[in-house]
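1. generate a structure from the sequence data that follows.
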Amino acid sequence: MRIGELSGRVRRLFGRSLRYRVASRWRVEATSAELCSVIRHPERLAEWWPAAFLSSERLREPGTDGAGGYYCVYTKGWAPYTMRFDAWVTRVGDQEVLIETAGDFEGGASLRCRAADDQSTESPGSASASAPGCGRRRWLIDLEWQVRVNKPLLIVLSPLLKPLLVANHRWVVAQGETGLRRALVRWRAAARGDDPATLPQPPGPTWPHSMRWVRRFARRARATCHQEALS
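-> Just a heads-up that it's a prediction; the model follows:
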């Protein structure tokens, strides 16, 4: 029996087990302008979150409010399988960013930021986030994914290994928090004219994508993804 046929039977029998809702929280020290830059540029995900995002190709420019951007995403966790999905930003509000996805993941995600010390209601997504003079402060960033798995391999595995797949997601999110913290330090060093090469890099992908020739293959897959989305 082919995996596509098996995944169809599993979907009919265990449809509920294919749905995931996972919430996480990051704690990051940054200026609101720095976080605004991160939020409004998903195409830079592979730069500061390489442990998960092998590529994030922007296919359509966002509007002036930050919404409307369309991206082709190629990602993985600590397990050796990869995921590919399209993502588009549906809303960039004063305190949240909403994203919808289709492909191996179907559903949506939200990202909400607030100052940890509650001294201000300013959000990185607000119009004033890039104002000069904004000082560095501690931020709480709440991420929530509500998706259904469409990848045949994960459809087959979900009824038995859902806790393991959720653990994989939480590992990915933890790598993102570490990656963002390190990237912020490196970006600040570069802005001062220092050499960021002496500073720790964001955590990279696990095997086999830690190997150079596999990363080259991932870049070719990114080009294929781009061509398919434009055709």
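
2. now Pro159: how far from Thr31?
-> Relative to Thr31, Pro159 is positioned 45 Å away (Cβ to Cβ, to the nearest Å). All C-beta spots, glycine's among them, are computed from the backbone N, C-alpha and C.

3. the two: which has the busier surroundings?
-> Thr31 (21 against 13; other Cβ atoms under 10 Å).

4. which residues of the protein fall in strands?
-> When secondary structure is read from DSSP state E, the chain shows strands at 19-30, 53-60, 70-76, 82-92, 96-103, 105-115, 137-149.

5. now for the first one, which elements pack on it?
-> Contacts defined by 3 or more Cβ pairs under 8 Å, 6 or more residues apart in numbering; DSSP states H and E place strand 19-30 against strand 137-149, helix 152-192.

6. could you measure from Val73 over to Glu34?
-> 22 Å.

7. more neighbours: which of those two?
-> With neighbours defined as other Cβ under 10 Å, Val73 and Glu34 compare such that Val73 has more, 25 against 22.

8. shouldn't that one be in contact with Ile99?
-> No: when contacts are counted by Cβ atoms under 8 Å, Val73 is not listed as touching Ile99 (10.0 Å).

9. in this structure, where is pLDDT below threshold?
-> 1-16, 118-134, 210-231 (pLDDT under 70).

10. rerun that using 90 as the cut-off
-> Segments of the chain classed as low confidence (criterion: pLDDT under 90) are 1-18, 32-33, 35-41, 64-66, 79-81, 92-96, 115-137, 151-162, 206-231.

11. burial check on the closest residue to Ala23 other than its chain neighbours, number of neighbours?
-> Sequence neighbours aside, Glu144 is the residue nearest to Ala23 in space, at 4.5 Å (criterion: Cβ to Cβ, 6 or more residues apart in numbering). By other Cβ under 10 Å, 14 other residues sit near Glu144.
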